[in-house]
Structure formats: C-alpha cells, structure tokens
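Enquirer: Mind folding the following:
(chains A and B)
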Number of protein chains: 2
Amino acid sequence: MDAEIIAVGSEMLTPQKIDTNSLYLTEQLNELGVEVVQKSIIGDDRSRLAGEIGAALKRTGIVILSGGLGPTEDDVTRDASALALGRGQTFRQEIWDEIGARFARMNRKMAENNKRQAYLIDGAEALPNDRGTAPGQWIEQDGRILFLLPGPPKELKAMFERQILPRLKERLPALVIRTRHFRVAGMGESDLDQQIAPVYTKYANPVTTILAGAGDIHIYLRARCKTDEEAECLLTEVAAPIEKILGDRIYSYGGESLEEVIGEILIATGRTMSVAESCTGGMVAERVTSVPGSSKYFRGGFLTYTDEVKTQLLGVSKDLLAAEGAVSEAAAREMAIGARKVLNTTFALSVTGFAGPDGGTEANPVGTIYIGLASDGTCDVRRVQFIGDRERIRMLASQSALDLLRRRL
Amino acid sequence: MDAEIIAVGSEMLTPQKIDTNSLYLTEQLNELGVEVVQKSIIGDDRSRLAGEIGAALKRTGIVILSGGLGPTEDDVTRDASALALGRGQTFRQEIWDEIGARFARMNRKMAENNKRQAYLIDGAEALPNDRGTAPGQWIEQDGRILFLLPGPPKELKAMFERQILPRLKERLPALVIRTRHFRVAGMGESDLDQQIAPVYTKYANPVTTILAGAGDIHIYLRARCKTDEEAECLLTEVAAPIEKILGDRIYSYGGESLEEVIGEILIATGRTMSVAESCTGGMVAERVTSVPGSSKYFRGGFLTYTDEVKTQLLGVSKDLLAAEGAVSEAAAREMAIGARKVLNTTFALSVTGFAGPDGGTEANPVGTIYIGLASDGTCDVRRVQFIGDRERIRMLASQSALDLLRRRL
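Expert: You can find the predicted model right below:
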C-alpha cells in the first residue's frame, strides 16, 4: 500500500519553515514496506485542505495529516477532514475531561477554545496524545485509511509509535525488517564513505544510508526479508567488514548517543566525571546530563568564561594565562586538572577555544579548540581545528571532548 | 495572484532528502506580493504528476514545477505538463544546437538521450539555462501561468532571476510585503490565542500566524499592500492592540531569542551575570553563551549536580539541604546568592528541580523546578511546575529562568 503525507500550517509556506515531520513519517512507513508517493504542504485554509484530502483519498491508500489540530481558529484539519469525508463531528465529554485533567496536572487554567480539540469526526477513533492536548484521529473509509496527527514533532512521534504503528501492522502484510545503526565520531563523511562504499554498494538489500551531523555520522543498514534469520544473516554479511574497517571510530552499535555510551561505561565501572568549560559554555555538561540517571556519575562542573574566573575557580595560573592565553594547551590542562581536583572525580574534561565569529589569533584562529582530559596522574590535551559558524564549532568541540573521554574509557 | 510549487523527484520522497528549492522560490514570490498557497512533492511518476499539474492549474494562478527536466527516462516533467495542458511537444533544432554547443565547450561527449531535452511543449517559450543543459519552459493558458524550472538549485536560481522574475513583474501589480515578528514567554498557546484572536481575526490582511515551541510562542504578522506606508500602517493597527494585551510577556519585537534580548540589555547597561545550575546541567549557560559576544556579560557559572558540590562550591548549608532538600526554595536561593557572591556579578540565576523521569517527592513531583534570581541585596525565587519528558522539562526550566532575568531587566 502507498501513502501520502499532507502537512498543514501556513507557517510551512513561508521562506523560513519547512515540513520535517514527513522525513520521520517516511522512515517509519518505509520500515513497514509502505512507500510515500506524494507529500503536500497546505496552509490554514479549510476548503483548499478539504479539496486536497478528498483528492488524496481517491488516489492513495493511506493518507496522513500532520498539524492543524490545535485549539485556535486557524487549526482547520479536523473541519477539513470531516468535510472531505462528508461526516459530522461530535463533542466528546471523555476527551474534554482528559484535556481538563492535563491542564489541572500542570496547574494551568484551561481556555474555553480548547473545547475545539474535544470534537471527534463521526466514526473516528480518538488517538490519545501523551505529550500534548490535541488527540489524534484514525478513520477508515472505503478501504482507505486517514489519520490526523498533531504537528509538534514530539507529539507526532509518540503518537505514531504508540497508536499508529500497531494499527498499521495489523493491516499490512508481514515483512521482517531488521536494522543495524552504527554511530561514528572522529572522521568526515566523504572519508568514511570512500572507505566503506566498496562494501555496501554490492548490496541492494540491506539498504545502507549514511547521514552526517556535526562530528557524528550515522550508518543505517536495513534488511527487508521474509524471516528474522535471513535478515540478520544479510546484515552481518555487510556489517562485519564495515566494523573491521572503522574499528574504534564506531562508538555506538545500537544508535545510542555519545553521552549515553559514556554514561553506561561510567556506571558499570563506578567512576565519576566533571567538566570545566569555556567556549562551549555548558554544552558538554548539558549533553552529559541529558541522560536520565547521569547524577550517578556526573558531579558537577565549572563554566569559566573569563580569565579571572579560570584562575579563581580552577587555579589556572595568572602568569600562564598572560603568557599563553586562555586558548592554549597549558590552559586546557590546568582547567581539567583543577576541575578534577576541586570536585574529586575520576575524570575531568576541559574545553577552551575560539568559537567565533570574533576573536582568535594568528596561531589559534577562530575554530581552534583545546580539549583536556584529566585522570589519575595524567592529563591529555588535544588540539582540534574546526570550520563553521559559532553553533557548529561549539557542537563539534563538545563532540570531540566526549569522544576523547569515550576513547579513554 | 497566488502560486503553487510542485517539486518533482523520487529522491525527495525518501527519509533523507527534502525539497529546499521551494524556500528560495517562496522568498522570491513573496517579494513580488505573491503568496505560496500549496507545495507538493511528487516522484518520477508521469500520470500522478500530470494529475497534480492539472488540479493545480484549476485552483491556482501560478504553477511552478522544479526538477524532472533531465535527459533520462525518469525525468517526466515535460511529458506530464504537456499531458495536463492537452498539448503536444515539438523537437526544436535551435535548442538541440544549444545543448550540443554546451557539451562541446565542456569537451564532453553528448549522449543521444539528451535529445529529450530539446523538446518544447507547443506554445511554450523556452527559457535558456546558463548553468546546465535542460532549458526551462514558460506557458500561459486560460489566464494561468505554468513554468518549468530545472531541479539543481544553482540552475533554478539563475533561471528564476534572469528569466522568470522579469516576466512575472510585467504581469503582476506592484505590491509590497512587510512583517512583524513577536516572541512571547510565560504563557500557553491557547491562552495567548484566546486573548489576541479577537484582534487579529478581524483582519485578512495582515495575515497572522502563531507558532509555539517549548515555552516560546512566535507571532508573525504579514501585510501585503500597494505601498510601504499602507503596509506599516495596517501592521500597526493590528500590532498595537496585541502589544497592549500581551504587555511585558512579549520579550522580542523583531524575532530575537530570549538569550539575545538579555545580552543586548546587559551590554547596554554594563551589567554581568552568572549561573548555578543543577537539573538543567548547563543548558541555561549554553543558551546564554550561544550569543556571539556573550563574554562581555557572562562571567561563568557552576554546575552543581550533587548536594555535596552545592555546599562546596556555592556554600549552600548542609543543614538546609538535609532539612528541605536540594529541590527547594531555600536551596535555589542559596545557590543564586552563592554564585553571585563568588563570581561577583550583577545577577545570578539558579535552577534546581526534578527533570525526571525518576526522582521527585510528593510535595515536589517530577517537573517541579525552583528558579532563583539573585541581585543586589535581594533574591527572588519562583516555583514552576512542568509536564513532559526530561528534555522538555529542562528546556522549559531554562526558558523560565531566562525570562525571570529578562523581566527583572
């Protein structure tokens, strides 16, 4: 069966915004063996949207709507769908109670216009929304499936996973899909591709997809087969040589993030860590503490944005800062050693550098980062050089810092 | 006149690729006073594409196709357009000569299938392509305009600028577009909408769009008028009552982020800040330092993830932590006061709370956050309660903390 995705919202027809929910939905649908054959983006325009829904239902088996389920006047997806289907809508007390309970839990006053969200298209099944107020809806008509999902990506993803996936699986022929998901740090995308392309291009199944973020490359292998065994066997045939080529540059064999991998090892070995950040301004710690349970190994850290504070909190010598500057190997070393000593942790990471757009010297231009890793008796410092805007440089610096710690572990 | 954009290419229906040409086209069209009312992405499927072109020409004045003009079998845009228009195609020797000359200049051998590119829809005007081989096409029918552009962004942009823009300008009335962009913190989307809907729903021009992120609402107003003055006047007519209703909950009048607004005020008034973060683990500081030049006002901060570290670095009393816990008004107060004192800044923000998924007490369940703001002689503490996953709670907490500082400023 094929699918069509219709994203609703005038903001996605501006030069600034783009529909990205459809990428997630496409990925999920492909896993089920469903191809996406058309995507549309339509503004908050009831009659145009109703026209498109009607046309989509004529030509495609699964029609997915995202967005436009909110409480405001310009949230038109419910009305347009009812119109296209030729069905009415009914106020449902139990949905209204649910929304009320949610507001009560948040100690927030509920506006009267939220009532709009409690209307269900006749014959539709309401899909609970664990992450927001707007429920989704699932409707079948003349052998076609239409479902309405909320626009915020988190709400959409949770609802797709918990409500849509099981319903679709029931209705689609069983194909086994097995995947591997490697993550690689410390090399560029084209370099990586050049090394592993001779392996994966020999196979149409599994499908290999390489996706690069800042300092972080994802390799997805996806096999579609009749049985588990067949799929796993095919995956291993491709994965084994890739693992051999990339070696310890693969930091994750199941899609976990660098901070999750670090957390698992620290917990397993009972060790602790702290940070001293300058140019990343808290990004390393923010990532480490994004992992639930990180309080078991992360004790704390220092954000030392000025020279004075580096000296005051971490004991970085004034003379050293005067002689070599705060962006130097020596400063990174003293920052890491200082943080480790004050907070009494097994490891301490430090980051100092020029994130730009201004700053930098001839010897250390914008994009130069020093990363220190202090542990018992030693402190390694690594100098790295990145290109990009402030956000990218900070992201790459935090990635390098976490990868330095991962390799040590 | 309104426009529709149809992007052609099966690769844009995969989970990895997205149509971005439409962002450029939308920007260009908006400048001419043309609204984009629908975007579609269709694979290399002749009959589906022909159907969509036909439908688009029925409902919209300007229909733009991008991609699918290449020499291969799966480049179907020319054929589908001819089909939708009910017109034939004719081989044009002069286009073929042009393509031949281009290959000769590049010293490349021309494949026979390039002949496909020399076919012109009957009655169409050929649009020369300075950056590639595929010419574009411009067709008018029944007062509607259809044009075909190549998919590669460089070719598309050059052709739009040199060929399309002058033709559209000739046919369109001169219109200007002016926008306002407010950002609001500290209230929910539906609450906000209920308050301002009575104002903006009275106007079809300017168009009002409301977009909500975590603790952050964007309000866009966009006016289309004959003159600058008229547009600005209309915008003010709608913006003034909205500004009055929302008051100081509007933190940005030009789209700047909360951290940018705070930075501007701190720089202008020569004041400084620091942070003491527990559950947000560096997110507040990371946001503050994401702004270039933040070293002028951000001196540093403390990530105090354990009780012990709160006492050690910030002087939070052990007895207090034992009696009231680290997630308490008193702890937030002492953290902020401690950070301000140690780092000698005008302001210090503290954040302590339960971000989940585990932790929390009966009095302070997961989602409870205390935010402290220390300044000369005083320290305000605010208790807030959020619902969501760890990431959302941390994001909302950092937003509340920055907003507390902004209101003080």
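Enquirer: right, and the secondary structure at the residue of chain A most remote from its centre would be what?
Expert: Here chain A reaches farthest from its C-alpha mean at A:Asp319, the gap being 43.0 Å by C-alpha atoms, centre = their mean. With DSSP: H, G, I helix; E, B strand; the rest coil as the basis, A:Asp319 sits in helix.
Enquirer: now A:Gly388
Expert: coil.
Enquirer: Okay, it and chain B: tell me how far apart.
Expert: Distance, A:Gly388 to chain B, using C-beta to the nearest C-beta, to the nearest Å: 13 Å. (Glycine included, C-beta is placed from N, CA and C.)
Enquirer: ditto for A:Leu349
Expert: With C-beta to the nearest C-beta as the criterion, A:Leu349 and chain B are 12 Å apart.
Enquirer: Is that residue located within a strand, as I assumed?
Expert: Yes: applying three-state DSSP, one finds A:Leu349 inside a strand.
Enquirer: returning to that earlier point: per-residue pLDDT, the residue farthest from the centre of chain A?
Expert: Per-residue confidence (pLDDT) for A:Asp319: 96.
Enquirer: Repeat that for A:Pro241.
Expert: 96.
Enquirer: Skip the chain neighbours and tell me the closest residue to it.
Expert: Distances taken as C-beta to C-beta, 6 or more residues apart in numbering or on different chains place A:Val199 nearest to A:Pro241, at 4.8 Å, with adjacent residues excluded.
Enquirer: Quick one: list the elements packing against the helix or strand that neighbour falls within.
Expert: Assigned by DSSP states H and E, A:Val199 falls within helix A:189-200. Counting by 3 or more C-beta pairs under 8 Å, 6 or more residues apart in numbering or on different chains; DSSP states H and E, the packing neighbours recorded for helix A:189-200 are strand A:207-213, strand A:216-225, helix A:228-246.
Enquirer: Now do the last one against helix A:189-200: the angle between them, please.
Expert: Note on geometry: by axes from the mean of the first three to the mean of the last three C-alpha atoms, to 10 degrees, helix A:228-246 and helix A:189-200 are set 130 degrees apart in direction.
Enquirer: A:Val63: what secondary structure?
Expert: Under the three-state scheme (three-state DSSP), A:Val63 adopts strand.
Enquirer: For A:Ile121, list each beta-bridge partner.
Expert: A:Gln89 (DSSP bridges).
Enquirer: Now mean neighbour count and distance to A:Tyr297 too, for the helices and strands packed on helix A:189-200, in JSON lines please.
Expert: Below are these laid out as JSON lines (neighbours: other C-beta atoms under 10 Å in any protein chain shown; distance: least, C-beta to C-beta, whole Å):
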{"stretch": "strand A:207-213", "mean neighbour count": "16", "distance to A:Tyr297": "25"}
{"stretch": "strand A:216-225", "mean neighbour count": "20", "distance to A:Tyr297": "22"}
{"stretch": "helix A:228-246", "mean neighbour count": "16", "distance to A:Tyr297": "27"}
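Enquirer: still on that earlier bit, ok, the residue nearest to A:Pro241 to A:Met187 distance?
Expert: According to C-beta to C-beta, to the nearest Å, A:Val199 and A:Met187 sit 16 Å apart.
Enquirer: what about those two, which has more around it?
Expert: In this view A:Val199 and A:Met187 are compared by other C-beta atoms under 10 Å in any protein chain shown, and A:Val199 has more residues nearby, 17 against 13.
Enquirer: The more buried one contacts A:Ala239, doesn't it?
Expert: No: under the criterion of C-beta atoms under 8 Å, A:Val199 makes no contact with A:Ala239, lying 9.2 Å away.
Enquirer: I believe A:Glu155 is in a strand; please confirm or correct that.
Expert: No: membership of A:Glu155 in a strand is not supported by three-state DSSP, which gives helix.
Enquirer: measure it to B:Ser252 for me?
Expert: Counting by C-beta to C-beta - A:Glu155 and B:Ser252 are separated by 25 Å.
Enquirer: Just the endpoints, please. Distance across stretch A:72-90?
Expert: 18 Å (C-alpha to C-alpha, to the nearest Å).
Enquirer: now what about that stretch, what contacts it?
Expert: A:8, A:10, A:44-47, A:49-51, A:53-54, A:57, A:65, A:67-69, A:113, A:116, A:119-123, A:137, A:139, A:141, A:146, A:148, B:189-190, B:193, B:197, B:201, B:208-210 (C-beta atoms under 8 Å, 6 or more residues apart in numbering or on different chains).
Enquirer: ranges for the helices of the stretch 251-400 of chain A?
Expert: A:258-269, A:283-289, A:307-314, A:318-324, A:329-343, A:390-408 (DSSP state H, counting those that start in this stretch).
Enquirer: got the CA positions of the second one in PDB?
Expert: So that's helix A:283-289. C-alpha atoms of helix A:283-289 as PDB (Å, rounded to 0.1, in the frame of the first residue of the first chain):
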ATOM      1  CA  MET A 283      27.100  22.300  26.200                       C
ATOM      2  CA  VAL A 284      29.300  19.400  27.300                       C
ATOM      3  CA  ALA A 285      27.600  19.200  30.700                       C
ATOM      4  CA  GLU A 286      24.200  19.800  29.200                       C
ATOM      5  CA  ARG A 287      24.700  16.800  26.900                       C
ATOM      6  CA  VAL A 288      26.100  14.600  29.700                       C
ATOM      7  CA  THR A 289      23.200  15.500  32.000                       C
END
